[in-house]
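**Student:** Here is the input, now give the coordinates:
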Amino acid sequence: MAILPIITLPDPRLRKVSDPVERVDAEIRRLLDDMLETMYEAPGIGLAAIQVAVPKRIVVVDIGKSEEERSPLFLINPEIVWASEELSSYNEGCLSVPDYFDDVKRPAMVKVRHLDREGATQEFDAVGLLATVVQHEMEHLEGGLFIDNLSRLKRERVVKKFAKAARFDGIVAQRRADNRAHEAEEAEA
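**Tutor:** The predicted structure is shown next:
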């Protein structure tokens, strides 16, 4: 198993719609395991494949609060087949939008159909936090982020903040590269 890099806003790959998985094989199961390890390490309670730059309809979820309570879910090609009209609000965050949290309203209960690790079709009912996490992660599969559920003003502020940080990181990286090149030239002289 391997820890995979998590892509963050403003990376345009987060806005890609993910492709269905054609068949569940050893490569998909290895990706599921790597995603789970990555999610635990981050730490998080849900991760979509697109967040590790793999545009496949794959999600891992585990809302257990400790190692002893872990109960991972592996969702391949998940779809919501029913959602309650009743809404619940949770203060959500996202590994791809680090250190930002806000309240989002979503259906309080959903029924989810998906393929499991072996490729068998499964269904389950999700309520409370599990319902929220599943919907949050499935939103990634459509190129969405939880900030899309916020007011336009809040969303624009978040996007602007992350775009500014990315530009700054790019400038710092370029300066480091320039310094290394300069040092190499001086060493040769």
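**Student:** Do you have the helices of this structure handy? List them.
**Tutor:** 26-41, 128-141, 152-188 (DSSP state H).
**Student:** which helices and strands does the last one pack with?
**Tutor:** Helix 152-188 is packed against strand 97-107, with contacts defined by 3 or more CB pairs under 8 Å, 6 or more residues apart in numbering; DSSP states H and E. The C-beta positions use only the backbone N, C-alpha and C, and glycine is treated the same way.
**Student:** Report the inter-axis angle for the strand it packs on versus helix 152-188.
**Tutor:** 160 degrees (axes from the mean of the first three to the mean of the last three CA atoms, to 10 degrees).
**Student:** for strand 97-107, the distance to its chain's centre please.
**Tutor:** 13 Å (CA atoms, centre = their mean, to the nearest Å).
**Student:** packing partners for that strand?
**Tutor:** Using 3+ CB pairs under 8 Å, 6+ apart, strand 97-107 sits against strand 87-94, helix 128-141, helix 152-188.
**Student:** Grab the nearest non-local neighbour of Lys16.
**Tutor:** Residue nearest to Lys16 in three dimensions, not counting chain neighbours: Pro55, with 5.0 Å by CB to CB, 6 or more residues apart in numbering.
**Student:** ok, the residue nearest to Thr121 when sequence neighbours are not counted to Ile58 distance?
**Tutor:** Spatial nearest neighbour of Thr121, excluding adjacent residues (CB to CB, 6+ apart): Leu115 at 6.1 Å. Going from Leu115 to Ile58 by CB to CB, to the nearest Å gives 9 Å.
**Student:** residues shared between the contacts of the two?
**Tutor:** 21, 75-76 (CB atoms under 8 Å, 6 or more residues apart in numbering).
**Student:** Just the residues you listed: which are in strands?
**Tutor:** 75-76 (DSSP state E).
**Student:** before we move on, the earlier item: who's more crowded, Leu115 and Ile58?
**Tutor:** Taking other CB atoms under 10 Å, Leu115 and Ile58 do not tie; Ile58 has more neighbours (28 against 21).
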